[in-house]
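**Q** Sequence below, structure please.
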Amino acid sequence: MESARRARSEDREAIAALVEAACRDVEGVRGGALLVASQERLGRRIGVAEANEEATAHVAAAGGDGSDGRCVVVGTVDDVTVGVGAAEVDVMGSARVATIGLLYVDPAARGVGVGELMLAELQAWSAAQGCTGVDVPVLPGDRATKSFLEGNGYVARLLTLHRGICHP
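**A** Predicted coordinates for the structure are as follows:
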């Protein structure tokens, strides 16, 4: 049975492994190196970068009531954690917009609805935080993720173009 729920402190190790797998999956993709850097920053923010009590407590808090503007969810199949999602609230002028900085399902567990359940959980949390919308960054060329999100009602609202700077 597939489900999604807020993360708890006992999920920390599974979350850390899933964040690491997500980073490995995109390292070689165009734009992936910068995304990995942002995921590592996200990992520190949600408390999975270091195995310590403070980090464990932070995952539990982020999975809790979301009062700190962050939410971590896990997706499960038969009570085995196979996915992780994380969002945080950004204030843009007078609007509150949630950004889902991480939504990852183990490849062996894809196609059974875990991603949709985690996405729905994060969207519900975002609405409860008073957000007017939800953003999800997607790497260029990642057609599978773009199709998944479009199938769930998302549309592109901004493209970010990047140019590296060569130093002499």
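**Q** shaky segments in the chain?
**A** The chain contains residues with pLDDT under 70 at 35-67, 168.
**Q** which stretches of it form helices?
**A** All helices of the chain, identified by DSSP state H, fall at 12-26, 32-46, 53-63, 114-128, 143-151.
**Q** Give the bridge partners for the residue positioned nearest the centre of the chain, please.
**A** The centre of the chain sits closest to residue 102, judged by CA atoms, centre = their mean, with a distance of 1.7 Å. Using DSSP bridges, the bridge partners assigned to residue 102 are residue 86.
**Q** how close does it sit to residue 163?
**A** Separation of residue 102 from residue 163 (CB to CB, to the nearest Å) stands at 26 Å. In this view, the C-beta of every residue, glycine as well, is placed from N, C-alpha and C.
**Q** Please apply the same query to residue 84.
**A** Using CB to CB, we find residue 84 at a distance of 32 Å from residue 163.
**Q** if I read this right, residue 1 contacts residue 78, doesn't it?
**A** Yes - counting by CB atoms under 8 Å, residue 78 is a contact partner of residue 1 at 6.2 Å.
**Q** intersection of neighbour lists for these two?
**A** The contact sets of residue 1 and residue 78 do not overlap (CB atoms under 8 Å, 6 or more residues apart in numbering).
**Q** Next, the buried residues of stretch 128-143.
**A** Under the neighbour-count criterion of 16 or more other CB atoms under 10 Å, stretch 128-143 has 129, 131, 134, 135, 136, 138, 142 buried.
**Q** and which of those is nearest to residue 8?
**A** residue 129 (19.8 Å; CB to CB).
**Q** Looks like the closest one contacts residue 68 (just checking).
**A** No - the criterion here is CB under 8 Å, and residue 129 misses it with residue 68 at 10.5 Å.
**Q** For residue 161, grab phi and psi.
**A** phi -100, psi 150 (degrees, to the nearest 10).
**Q** before we move on, the earlier item: using TSV, please lay out the buried residues of stretch 128-143 together with distance to residue 121.
**A** Putting the buried residues of stretch 128-143 into TSV (distance: CB to CB, whole Å) gives the following:
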residue	distance to residue 121
129	13
131	14
134	12
135	17
136	14
138	19
142	22
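**Q** quick check, nearest of those to residue 13?
**A** Using CB to CB, residue 136 comes nearest to residue 13 of the buried residues of stretch 128-143, at 25.4 Å.
**Q** so who does the residue nearest to the closest one when sequence neighbours are not counted touch?
**A** With sequence-adjacent residues excluded and distances taken as CB to CB, 6 or more residues apart in numbering, residue 136 is closest to residue 100, at 4.6 Å. Applying CB under 8 Å, 6+ apart to residue 100 gives the contacts 85, 86, 87, 119, 122, 134, 135, 136.
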